[in-house]
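S.K.: For reference, the sequence and a predicted model appear below.
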Amino acid sequence: MQIKRRGLLLGGTGLATASTFGLARPAIAQSEPIRIGWLAALTGPSSAPAIGFNRGVLFAADALNAAGGVKGRKIEIVTRDTQGDPTKAVNATQEMISQLKVNAIWGPTNSGESLAVTAIMARANMPNIHPCVVDSLIDPKRYPNAFRIAPSSTQWDDAVRGYALNIAKAKKVAVIGDTTGYGVSAATASAAAFKKAGADVVYKTTIDATQSDMTPDMLRARNAGAEAIIVWSVSTGMIGRLLNTRAKMAWDVPFIGHPSLASGEIAQLLDKPENWKKVYAVGYRSCSYDASGKLPPHSEELVANLAGKVNLQDTLLWWVACGVDAVNLIADAVNATGSTAHEAIITHWNGLTNWPGYFGTYTCSATNHDGYPEQDVVMSDASSGRNGTFALAPGYE
Amino acid sequence: MLASILASGLAVGAVYALIGISYNTMFSTSRVMSFTAGQVGMLGGVLGSLFILRLGLPPLLGLVLTLASCALLGVVTEFVAVRPVLKSLDQHLYVLSTLAVALLVQNLTALEWSTEPQPFPALLRFDEGIWDEKYWLPILACAATVCGLEFLYRRTLVGRAFVAIAQDNFAARALGLPERNLRIASYALAGAIGGLAGFAGGQLLLAFFANGPLLNFYGFVPVALGGLGNNRGTVIGGIGLGLFQQAANFLVGGIFSSVAVFALFIVILLAAPQGLFGAQAARRV
């Protein structure tokens, strides 16, 4: 059949009219996949967390799709590797908003990238959940679309201070940070909070992570009478050197602080494995095992589900669990509201009350977008890592 | 405290001195300050750890392979970043070209090795405390290098040719010395010296990609203090820098020690712009 210009014009007009009256739209919408944008630093420096989160994301999406999806709609994960670079994160975010038309975004997973993209997502009113710790990333007035499902740096700080003062019973502390922007600001905030809580900060310093000898700083801390060393640094080299120096000084002062204290990289930098004892890192109750070696029941259920499908030996359980929760939170919003409209998802999240995730039990409101429960931030025995989980530090019930 | 200042200060000072000698060796034949010196030092630690710890090679073979790899990087630097800009030395384009190679090396190391510090193997397991090998190995390496260079420059024909090129490039070429080949050899030698610095200081600095800028920076200070091209002055400057830095770590601590180091550095340069052991440059009028 020959296609004539008049026929084409008529056909086109008919199609346009049909779509104007919305005849085809509901059917298409109901069969369209739910697109979840995933801003993941899967390669480059600091890629370990995103690799762990990614395992949880893919596991959750596969599980939902295998069960028939959400109201018959499949979950589609749209991943962009940001390589930890804020510029790439900005480009990927803009692509997800304007071209890929995702329904919600999970990530980025580090604060540097998140600081760069949060305002962009807010302008597009894009539902966003992330695990980044910097406090200012969550502000329901400026960023009504952004929700956090991991602890903030204030929550970390509270947990460390609470453990040092109430369980380790240290009244005189030395606070040590590294010279990065994070290390300096975290150490300053931590020292101020200790003072406010009535503790005596007998020594505070920031150390260049490449400094080869930590003896001067440790000697100063000991001479000042420190009963606990509070560490705010992601530098495993610096932490390893501090621990080796403590051992050489035959000083059994506890180290309490940043999750990096429990990093597996530290083990190979230690002169002796026992140098890692009496070191307590920020951890999470859901991913901490008790004296009998058992995780909380909900986490045991997740580990059983992950068995044989997701490798937990070279990652942390909380990264995987948080990735699972992120996808499930988005799916739950679509399931509850029957809509993928941005406003519907955000409104649903604003009403979350004790939502039972694997990593945490989340509660949000219109004025509080920090969903992670503060009491679930606990201290772990840093040297007790086992399949991505840690033993609770001594002193917890 | 004094023992700790001496042990740690001398060791790290010896590493700085070796990096300074690497700068001087490249400068002597090309009049170029190559900012790859620190990165080669960093690679000495990384490759040493790779060959010995990861690949399980014997330490001696690991050392030889490390020095050979670093020498090769020196030669590549000469071809890629130095030779193309030699004709316009007065425009100082080598600053950009050598920095570019340095950044390339650093980023490749971060991507392919690790962004976290990795352990460097104990080679001799001699003793602990201030007699730990991490303190005396850099000093031994520095002493061996200085003696070796003295022998090379004073007792061998190749060494004398190096000195001739360093003293008067044009006259040496007029006498038929293979200036280009000697320059390549000097870059290989500088690479090996830088690699030795990182290898000997591996236990002290760890196998860490971020050591490159640190060594670039602190390795340059003894060159400026000791006088450009003056290896003896560089060794004294390096050792002095290490001791002062470690003493400042104990006395003022943390980041303030860097402030103290560079405040002193500026004061010395104001008082003696040619360096403490450098000769005033003669200017034809």
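M.R.: Ah, there it is.

S.K.: okay, CA-based contacts and neighbour counts for the rest of this
M.R.: Fine.

S.K.: which stretches of chain A form helices?
M.R.: Using DSSP state H, the helices of chain A run over A:5-20, A:25-31, A:48-66, A:86-98, A:111-123, A:153-162, A:181-196, A:215-223, A:236-248, A:264-267, A:297-306, A:317-337, A:342-350.

S.K.: what mean pLDDT would you report for the first one?
M.R.: Pointing back at helix A:5-20 there. Throughout helix A:5-20, pLDDT has a mean value of 47.

S.K.: next one: stretch A:84-93
M.R.: Averaging pLDDT residue by residue across stretch A:84-93 gives 94.

S.K.: Stretch A:186-202 too?
M.R.: Stretch A:186-202 comes out with an average pLDDT of 95.

S.K.: Would you mind listing the buried residues in that stretch?
M.R.: A:186-188, A:190-191, A:193-194, A:199-202 (16 or more other Cα atoms under 10 Å in any protein chain shown).

S.K.: try stretch A:307-325
M.R.: Applying a neighbour-count criterion of 16+ other Cα under 10 Å, one finds A:311-312, A:315-325 buried in stretch A:307-325.

S.K.: Run a quick neighbour tally on residue B:124.
M.R.: Counted with other Cα atoms under 10 Å in any protein chain shown, the neighbours of residue B:124 add up to 11.

S.K.: Sketch out the low-pLDDT regions of the stretch 1-150 of chain B for me.
M.R.: Counting by pLDDT under 70, the stretch 1-150 of chain B contains low-confidence residues at B:125-130.

S.K.: can you list the residues of it near chain A?
M.R.: For the stretch 1-150 of chain B, the residues in contact with chain A under the definition Cα under 8 Å from any Cα of the partner chain are B:8, B:110-111, B:114-119.

S.K.: Now the two most distant members of those.
M.R.: Maximum pairwise distance among these (Cα to Cα): 30.3 Å, between B:8 and B:111.

S.K.: more neighbours, those two?
M.R.: Set side by side, residue B:8 and residue B:111 give different neighbour counts by other Cα under 10 Å, the larger being at residue B:8 (25 against 13).

S.K.: show me the contacts for that one.
M.R.: Under the criterion of Cα atoms under 8 Å, 6 or more residues apart in numbering or on different chains, the contact partners of residue B:8 comprise A:213, B:135, B:242-243, B:246.

S.K.: Among these, which lie within strands?
M.R.: Counting by DSSP state E, the contacts of residue B:8 place none of their members in strands.

S.K.: So which of those residues belong to helices?
M.R.: In this view, the contacts of residue B:8 that belong to helices under DSSP H are B:135, B:242-243, B:246.

S.K.: for these, which one is nearest residue B:266?
M.R.: Sorting the ones in helices among the contacts of residue B:8 by distance to residue B:266 puts residue B:242 at the head of the list, at 16.2 Å, by Cα to Cα.

S.K.: Find the closest residue to chain A in the stretch 101-250 of chain B.
M.R.: Nearest residue of the stretch 101-250 of chain B to chain A (Cα to the nearest Cα) works out as residue B:250 at 4.8 Å.

S.K.: OK, contacts around that residue?
M.R.: By Cα under 8 Å, 6+ apart, residue B:250 lies in contact with A:216-217, B:5.

S.K.: average pLDDT for the helix or strand it falls within?
M.R.: Using DSSP states H and E, residue B:250 sits in helix B:231-251. This predicted structure assigns helix B:231-251 an average pLDDT of 91.

S.K.: what's the offset of it from the middle of its chain?
M.R.: Using Cα atoms, centre = their mean, to the nearest Å, we find the averaged C-alpha position of helix B:231-251 to lie 14 Å away from the chain's own average C-alpha position.

S.K.: For the following helix or strand past it, buried residues please.
M.R.: On the C-terminal side of helix B:231-251, the nearest following helix or strand under DSSP H and E is helix B:254-271. Within helix B:254-271, the residues that qualify as buried are B:254-258, B:260-262, B:265, B:268, counting by 16+ other Cα under 10 Å.

S.K.: now the angle from helix B:254-271 to helix A:215-223?
M.R.: Interaxial angle, helix B:254-271 versus helix A:215-223 (axes from the mean of the first three to the mean of the last three Cα atoms, to 10 degrees): 130 degrees.

S.K.: average model confidence for helix B:254-271?
M.R.: The average of the pLDDT scores along helix B:254-271 is 83.

S.K.: What is it packed up against?
M.R.: With contacts defined as 3 or more Cα pairs under 8 Å, 6 or more residues apart in numbering or on different chains; DSSP states H and E, the secondary structure elements packing on helix B:254-271 are strand A:200-207, helix B:211-226, helix B:231-251.

S.K.: Of the ones you listed, which is nearest residue A:307?
M.R.: With Cα to Cα as the measure, helix B:211-226 is the member of those nearest residue A:307 (40.3 Å).

S.K.: Cool, thanks, talk later.
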